[in-house]
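> Next input, structure requested:
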Amino acid sequence: MAKANEIVGLDCEADVLRGIKVVLATRLAEMCMLRANALNFEDIEGVHDMRVASRRLRSAVGDFSVFVRRRDLRRLKKGIRDVAGALGGVRDEDVAIAALEKLAGKAPAEIADGIERLTDERRRTRDERRGILLNAIAEDRLARIQQQWHVALDEVTLAARWREKSDQTGAGFDHLTFRDAGRIIITERWNELDSLSTALYRPHETIPLHEMRIAAKKLRYAIELFAQCWGDAMIPFAKEIASMQSSLGELHDCDVWIEWLGEMLDWRNGGGENSRVSSPSHEVYRQNRMAAGYLLRHFAGERTKHFRDALAQWGEWEVSNFGTRLAAQLEQHRSAPANAAANQ
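Numbering: from 1, shown residues only. So this is what the prediction gives:
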């Protein structure tokens with residue numbers, strides 16, 4: 001995965017609006033620079049790197065949404081969603097194909113044949129999604145998005161609520177620093193994750209766990225975004241959150257597999273004998289069902305492992321007061337006047 005570049009020209013003590021413009025311009029450029037890598041289908045990591053860059057960009061837009069006008073936010077989101085969706089569509093199939101190929105290599109021969117046919121289905125889907133990606137990140141389309149963004153960034157303005165707070169303190173728009181914004185955003189992201197943590201006590205409810213995974217991802221990206229403002233002190237927090245995100249992400253992947261395989265088995269069984277007759281052969285049908293059942297058992301077992309990992313780490317966070325430690329670190333380098341404005 002491509003590491004996010006340090007943001008050149010970012011001043012954590014400057015006003016938040018200036019920082020927002022610098023960050024978004026940098027993140028957009030990072031994403032667009034990875035286009036050639038993403039179109040090199042011989043190396044699937046190229047799509048992954050550009051997808052991660054698009055996620056960082058969209059996460060930053062979401063983080064800054066509390067500070068800028070809604071109409072500015074809508075303009076900034078324009079075009080990026082389709083790019084991220086096309087990248088995600090291809091990446092999902094890349095990961096699925098790699099997982100199936102690995103499992104086929106470990107499975108008995110009869111089951112491996114069925115897994116290979118399932119893999120072929122995913123390859124056909126990937127080819128279709130690559131066609132969508134080619135259009136989504138066409139050179140002229142990305143150029144238009146960049147042009148639209150540069151215009152939008154020139155015109156972006158603080159939301160009324162922050163202008164009012166600045167006016168109340170008499171300090172002007174630059175009263176709220178970029179570091180202050182980071183403190184506010186990271187705190188909100190942690191509170192969101194903390195409130196969703198009860199999902200760990202309902203292990204069979206997939207949607208709450210999925211929402212917790214997304215919250216962990218947003219918190220990690222927020223910490224990485226503002227890491228320059230606190231230096232190396234934030235690295236351990238980012239690593240811990242990355243570990244939690246990984247466990248929840250692997251758990252979610254298992255849920256997706258389980259749903260797909262379950263629907264496949266149910267569909268192929270729903271037609272009874274007619275379904276078997278319409279298939280290429282009874283033997284192929286039987287092997288496909290054996291492969292799907294084999295995979296379903298595998299991912300059900302893996303899901304339990306990843307759930308336990310996430311639950312154990314959350315327990316460790318409770319014991320070590322992760323939230324308190326994070327809040328204490330965020331208090332470093334606090335700007336007293338900005339704090340007063342944020343709390344009004």
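> for stretch 186-197, what is the average pLDDT?
The average pLDDT within stretch 186-197 is 97.
> which residues sit against that stretch?
By CB atoms under 8 Å, 6 or more residues apart in numbering, the list of residues contacting stretch 186-197 from outside reads 63, 66, 208, 211-212, 215-216, 218-219, 222-223, 226, 314, 323, 326-327, 330. (Glycine included, C-beta is placed from N, CA and C.)
> Can you give me the buried ones in that stretch?
Of the residues in stretch 186-197, 186, 187, 189, 190, 192, 193, 194, 196, 197 count as buried by neighbour count, 16 or more other CB atoms under 10 Å.
> could you point out which element follows the helix or strand encompassing the fourth one?
Think residue 190. Taking DSSP states H and E as the definition, one finds residue 190 inside helix 178-196. Sequence-wise, the next helix or strand downstream of helix 178-196 (DSSP H and E) is helix 206-225.
> For the spatially closest residue to residue 208 that is not a sequence neighbour, list the residues it contacts.
Distances taken as CB to CB, 6 or more residues apart in numbering place residue 199 nearest to residue 208, at 3.5 Å, with adjacent residues excluded. By CB under 8 Å, 6+ apart, the residues touching residue 199 are 205, 208, 209, 211, 212.
> ok so residue 266 is a helix residue?
Yes: with DSSP: H, G, I helix; E, B strand; the rest coil as the criterion, residue 266 is part of a helix.
> What count of nearby residues applies to it?
9 (other CB atoms under 10 Å).
> Give me the pLDDT for it.
Reported pLDDT for residue 266: 81.
> do residue 74 as well
79.
> and the gap between it and residue 82?
For residue 74, the distance to residue 82 equals 14 Å [CB to CB, to the nearest Å].
> Between these two, point out the one with more neighbours.
Ranked by neighbour count (other CB under 10 Å), residue 74 and residue 82 place residue 82 first, with 15 against 10.
> pretty sure that one is in contact with residue 136, am I right?
Yes: here residue 82 reaches residue 136: they are 5.4 Å apart, a contact under CB atoms under 8 Å.
> Now name the helix or strand holding the residue nearest to residue 38 when sequence neighbours are not counted.
Distances taken as CB to CB, 6+ apart place residue 50 nearest to residue 38, at 4.0 Å, with adjacent residues excluded. Per DSSP H and E: residue 50 is located in helix 45-64.
> With only the CA atoms kept, save whichever helix or strand comes after that helix in PDB.
Counting by DSSP H and E, the next helix or strand C-terminal to helix 45-64 is helix 70-77. This file holds the C-alpha atoms of helix 70-77, laid out as PDB (Å, rounded to 0.1, in the frame of the first residue of the first chain):
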ATOM      1  CA  ARG A  70     -22.300  22.400   2.500                       C
ATOM      2  CA  ARG A  71     -22.400  23.700  -1.100                       C
ATOM      3  CA  ASP A  72     -18.600  23.700  -1.100                       C
ATOM      4  CA  LEU A  73     -18.600  20.200   0.200                       C
ATOM      5  CA  ARG A  74     -20.900  19.000  -2.600                       C
ATOM      6  CA  ARG A  75     -18.600  20.500  -5.200                       C
ATOM      7  CA  LEU A  76     -15.600  18.800  -3.700                       C
ATOM      8  CA  LYS A  77     -17.300  15.400  -3.600                       C
END
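> how about helix 70-77: buried residues?
72, 73, 75, 76.
> Stretch 310-328 now?
Per 16+ other CB under 10 Å, stretch 310-328 contains these buried residues: 310, 313, 314, 317, 322, 326.
> Run through who's touching the helix or strand hosting residue 328.
Assigned by DSSP H and E, residue 328 belongs to helix 322-330. Residues from elsewhere that reach helix 322-330 (CB under 8 Å, 6+ apart): 182, 183, 186, 187, 190, 194, 230, 233, 234, 237, 240, 317.
> now the fifth one: how far from residue 158?
Using CB to CB, we find residue 190 at a distance of 24 Å from residue 158.
> do the same with residue 60
Per CB to CB, residue 60 is found 16 Å from residue 158.
> So if I had to pick from those two, which one is more boxed in?
Comparing residue 60 with residue 158 by other CB under 10 Å, the one with more neighbours is residue 60, at 23 against 20.
> which residues touch the more buried one?
With CB under 8 Å, 6+ apart, residue 60 has these contacts: 23, 24, 27, 221, 225.
> what do you get for residue 95?
Contact analysis of residue 95 by CB under 8 Å, 6+ apart lists residue 253.
> got the contact list for the residue nearest to residue 38?
Counted by CB under 8 Å, 6+ apart, residue 50 has contacts 31, 34, 35, 37, 38, 87, 137.
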